[in-house]
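# this one's structure only:
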Ligand code: SF4
Ligand code: SF4
């Protein structure tokens, strides 16, 4: 197999020999300070980094260089994303699964967990509970099962989510995480108006991938790896990538991840909309100690910084699995979206106490704070929590989104939308303490809307939100 980023064949665009060669190249150049200086200079101007360049920085252990990597990532993050952090919640709909992923408690052989699928009434109840917390953006999660979670079920759930309106609540963007599927099914998801289609690769190392996925359709490495291309062929403009760090040698997977981004850019003219950075963590029937590739916190944070530098315009998502300390550091270095107040159980948002005790969770959540506590914490740390969902509703997806992002024009929309959606949250859902901190942050953030007309009209809209109007957006 020959490396070819434009190929549609998995083993050509994620080419094992190219990754091994890149690892060798990185070892050979990890002390080449001139090369490293040039890479960082380029990255500081938001031009990104190739997988080879990122690998060299990853291999470098010089504390001075590592400090410069951090500082540059912080500057790039601040320039493109300001202090905005977008909030979302995962919604688990069904945990029946026919796959055998050895790191996931939903794997078919696990008899300890209670299997559950939400019917549409239950979905409605969950969405009401999520709206009452203040969420506007959801990530729907399903195990893979032809009987319990066929595409028709997924489509029904999307319909229920979008059509549920409770008080001032509304879910305005539904992102989807389902197993690799056909172009035809992706087309159906596109027609159902999903936001981003997310599919994590878990690991790009084919041999290890096959060991980690011994059973079920997911064991087909090529079908899984080529799924984002099929999604784009089906009309979905925004796709999300992710690696489950800890399954395999992290440097290999970081290179694979960046090659995947380069491939999407080469074939479709637009890279991934988001990259997620989950790490293996404890769960029922899963002991992280069995995974010898565990990634320590400092290495994990360096990975976050390097992804930020390599793909500056790609949103980066961190889940509830991380502790609040790691979250705080990662936010500075590059994360632009986090989940808040998440439940990783099926039906967890509206569950009774007895149901809460049922063992249906996919993962332990290290961060158990409520959404209001997460919002309050962000505000105290001078971040601007955002519930914005404007882009795909305004048709800014795929290459159109990237045009706005790369010219920097998107920042004015993001900033104005963040301020207005935070205001909605404060009016409808926040605790007294959060209202007080939120109003102060809004005052500080309004002047940062760098387009006078948009700034002035945002101020007027804030007043109208106070008077009861909702859903303004740019
Ligand atoms: Fe099923 Fe996904 Fe868990 Fe694998 S990771 S067992 S496909 S739910
Ligand atoms: Fe995201 Fe677009 Fe909203 Fe900015 S304006 S936060 S890019 S949805």
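Nice, I can see it. Computed from a predicted model, the values in this text were never measured in an experiment. Numbering: from 1, shown residues only. Ligands and ions are numbered 1, 2, ... in the order given.
# so how far is residue 330 from residue 278?
Counting by C-beta to C-beta, to the nearest Å, the gap from residue 278 to residue 330 is 12 Å. (Each C-beta comes from the backbone N, C-alpha and C, glycine too.)
# Have a look at the two and say which one is more surrounded.
The neighbour count for residue 278 versus residue 330, taken as other C-beta atoms under 10 Å, is higher for residue 330 (22 against 19).
# Just the element for the more buried one, please.
helix 324-333 (DSSP states H and E).
# Pairing partners for the helix or strand that that helix is followed by, with directions?
Sequence order places strand 337-339 as the next helix or strand after helix 324-333, per DSSP H and E. Using DSSP bridges, the strands paired with strand 337-339 are strand 84-94 (parallel), strand 315-318 (parallel).
# Next one: the shortest one, is it in contact with ligand 2?
In other words, strand 315-318. No - on the criterion C-beta under 6 Å from any ligand atom, strand 315-318 is out of touch with ligand 2, staying 7.1 Å away.
# for the closest residue to ligand 1 within the stretch 151-300 of the chain, what are its contacts?
Proximity of the stretch 151-300 of the chain to ligand 1 (C-beta to the nearest ligand atom) peaks at residue 218, 5.1 Å away. Residue 218 is in contact with 99, 100, 101, 144, 179, 180, 224, counting by C-beta atoms under 8 Å, 6 or more residues apart in numbering.
# Confirm that residue 272 lies within a helix, as I assumed.
No - assessed with DSSP: H, G, I helix; E, B strand; the rest coil, residue 272 is coil; it does not lie in a helix.
# so what's it closest to, chain neighbours aside?
Counting by C-beta to C-beta, 6 or more residues apart in numbering, residue 272 lies nearest to residue 241, which is 4.6 Å off, once chain neighbours are set aside.
# so that neighbour, which of the three states?
strand.
# on that earlier part again, quick one: the strands paired with strand 337-339 as CSV, columns for mean neighbour count too.
Shown next, in CSV, are the strands paired with strand 337-339 (neighbours: other C-beta atoms under 10 Å):
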stretch, mean neighbour count
strand 84-94, 23
strand 315-318, 23
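# Turn those strands into TSV, columns for mean pLDDT.
Shown next, in TSV, are the strands paired with strand 337-339 (pLDDT from 0 to 100):
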stretch	mean pLDDT
strand 84-94	97
strand 315-318	96
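# Tabulate those in a markdown table, adding columns for distance to ligand 1.
Shown next, in a markdown table, are these (distance: least, C-beta to the nearest ligand atom, whole Å):
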| stretch | distance to ligand 1 |
| --- | --- |
| strand 84-94 | 9 |
| strand 315-318 | 17 |
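# Quick check: the most centrally placed residue in the chain vs ligand 2, distance?
Note on the chain: the residue nearest the mean C-alpha position is residue 317, at 3.3 Å, using C-alpha atoms, centre = their mean. For residue 317, the distance to ligand 2 (C-beta to the nearest ligand atom, to the nearest Å) stands at 12 Å.
# Check whether that residue really touches residue 275, as I assumed.
Yes - contact status for residue 317 versus residue 275: in contact at 7.2 Å, counting by C-beta atoms under 8 Å.
# which residues do these two both contact?
240, 242.
# Number of residues surrounding residue 336?
By the criterion of other C-beta under 10 Å, residue 336 has 21 neighbours.
# so where's the stretch 351-474 of the chain shaky on pLDDT?
Across the stretch 351-474 of the chain, the ranges flagged by pLDDT under 70 are 357, 362-366.
# need the strands for it, in chain order.
Under the criterion DSSP state E, counting those that start in this stretch, strands of the stretch 351-474 of the chain are mapped to 384-386.
# for ligand 2, what are the nearby residues on it?
Within the stretch 351-474 of the chain, the positions lying close to ligand 2 (C-beta under 6 Å from any ligand atom) are 386, 388, 389, 390, 391, 410, 413, 414, 417.
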